[in-house]
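Chemist: got a structure for you, letters missing:
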């Protein structure tokens, strides 16, 4: 997936902390059935060590016993932190010198280039408006005004836009930049610095099972995202169980069932009933089977629908009754085309559920991309994945440098 890997032995970043357990108590009771509705069972082999999303490891001379401590993020932060890396298992040609960069196989390079092309195409609307500003431009107030307009139109929001402009003016003055290309490079550095805190790994194997609660408004691509994540998880040796917690829409249950059949994954579902009970059943079933990951779909709703947000809180509490400390991940799926409304969703769902991560979908066509800057500045919830299309390979871990390069090139 990545263009190079680096041999390094000690700078392994720690995984992010899971969301704290919701301590609120709920009077509702949930069914204790162990998921007998599901026909097929998932593999029950749990890995002995923790694994990051894309299975990135470091190659070093440490004893084999030390390998279980490696938790390298799917997409590593920019230098001087650990760089993005891919290790080819059994590669005996890697040089021994510390820090030497070794090219990845051609297939990985081609795959990465294809992803970057799709990302650039998806963000082309914003990219065009930003890159043309610096063509033969003079470093004056007019340039800053045009840049401000471009950032606002890209959905970066007032706060993030003002922050970027103030930081850029300060950098231009302190470094005495006089060329438009230099100012563009300075803008790239500032954007990468702003977005890098959002770049976090989804670490597997921390709990058995790892319980993930997936939320989002209708139309954000929540159920499709669950299906894609299930396929990725299986490709990394994880057994998966899905829970059709959207009991309000038959179509949602059917759609999740299709993904379950496609991935040969069991789906816990009820034609009607309490979503919290479905979630509880799924957690109990996964514990009995030894399943690695449980993903619980929830009904799509607007954050202004307070009674439905309370229902989500109830689901979260009941999941905690099914397994102490669960849910371990609370993900919000947001549509990249919804602009500042996406920021409002992040704030509302985070206040209600305590989000641990985001998945930003539909960053193709009309998406503007600046919303990530707004999120980074006002509510920096980690962005685990971004999606640029319907195919399975169109959902990838978020990488701040790649994202900024797609905006500015």
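Modeler: Nice, I can see it. Quick caveat: nothing in here was measured; it's all calculated off a predicted structure. Residues are numbered from 1 along each chain as shown.

Chemist: give me the mean pLDDT for stretch 222-238.
Modeler: Mean pLDDT, computed over stretch 222-238, is 89.

Chemist: low-confidence ranges, this protein, go.
Modeler: Residues of the chain meeting the criterion pLDDT under 70: 1-109, 250, 272, 301, 303-304, 365-367.

Chemist: so which residues of it form helices?
Modeler: Ranges of helices within the chain are 106-122, 124-131, 141-153, 157-174, 180-195, 222-235, 250-263, 275-289, 306-322, 340-353, 371-378, 400-408, based on DSSP state H.

Chemist: in the longest one, what's buried?
Modeler: Okay, so that is helix 157-174. 157, 160, 161, 163, 164, 165, 167, 168, 171, 172 (16 or more other Cβ atoms under 10 Å). Placement of C-beta: from N, CA and C, glycine included.

Chemist: shouldn't the first one be in contact with residue 372?
Modeler: No. The criterion here is Cβ atoms under 8 Å, and residue 157 misses it with residue 372 at 10.5 Å.

Chemist: circling back to that earlier point, figure out which of the helices of the chain is closest to residue 384.
Modeler: helix 222-235 (9.2 Å; Cβ to Cβ).

Chemist: now the closest one and helix 250-263, what's the angle there?
Modeler: Helix 222-235 runs at 20 degrees relative to helix 250-263, counting by axes from the mean of the first three to the mean of the last three Cα atoms, to 10 degrees.

Chemist: which helices and strands does helix 222-235 pack with?
Modeler: In terms of contacts (3 or more Cβ pairs under 8 Å, 6 or more residues apart in numbering; DSSP states H and E), helix 222-235 is packed against strand 210-215, strand 240-244, helix 250-263, strand 293-297, strand 357-361, strand 383-387, strand 395-397.

Chemist: now the residue nearest to residue 143 when sequence neighbours are not counted: how far from residue 118?
Modeler: Closest residue to residue 143 apart from its sequence neighbours, by Cβ to Cβ, 6 or more residues apart in numbering: residue 137 at 5.1 Å. As defined by Cβ to Cβ, to the nearest Å, residue 137 lies at a distance of 29 Å from residue 118.

Chemist: so which of the helices of the chain is nearest residue 362?
Modeler: Nearest of the helices of the chain to residue 362, taken as Cβ to Cβ: helix 106-122 at 8.4 Å.

Chemist: elements contacting that closest one?
Modeler: So helix 106-122, by 3+ Cβ pairs under 8 Å, 6+ apart, packs with helix 400-408.

Chemist: ok and the helix it packs on relative to helix 180-195, angle-wise?
Modeler: Using the same axes, to 10 degrees, helix 400-408 lies at 140 degrees relative to helix 180-195.

Chemist: what's the burial count for the nearest residue to residue 122 once chain neighbours are set aside?
Modeler: Of all residues not flanking residue 122 in the chain, residue 364 sits nearest, at 3.7 Å (Cβ to Cβ, 6+ apart). Per other Cβ atoms under 10 Å, the neighbour tally for residue 364 reads 19.

Chemist: again, but for residue 385
Modeler: Neighbour count of residue 385, defined by other Cβ under 10 Å: 23.

Chemist: what sits against it?
Modeler: 202, 225, 229, 359, 360, 395, 396, 397, 398 (Cβ atoms under 8 Å, 6 or more residues apart in numbering).

Chemist: beta-bridge partners for the closest residue to it other than its chain neighbours, please?
Modeler: Spatial nearest neighbour of residue 385, excluding adjacent residues (Cβ to Cβ, 6+ apart): residue 359 at 4.7 Å. Partner residues in beta bridges with residue 359, using DSSP bridges, are residue 333, residue 385.

Chemist: take the contacts of residue 385 and lay them out in TSV including distance to residue 185 and neighbour count.
Modeler: As requested, these are arranged in TSV below (distance: Cβ to Cβ, whole Å; neighbours: other Cβ atoms under 10 Å):
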residue	distance to residue 185	neighbour count
202	31	25
225	34	22
229	35	25
359	30	25
360	26	28
395	30	23
396	25	22
397	25	23
398	22	22
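
Chemist: tally of neighbours for residue 287?
Modeler: By the measure other Cβ under 10 Å, the count of residues near residue 287 is 18.

Chemist: that one contacts residue 207, correct?
Modeler: No. Assessed by Cβ under 8 Å, residue 287 is found out of contact with residue 207, at 10.5 Å.

Chemist: to residue 330, which of the helices of the chain lies closest?
Modeler: Here helix 340-353 is closest among the helices of the chain (Cβ to Cβ), at 5.0 Å.
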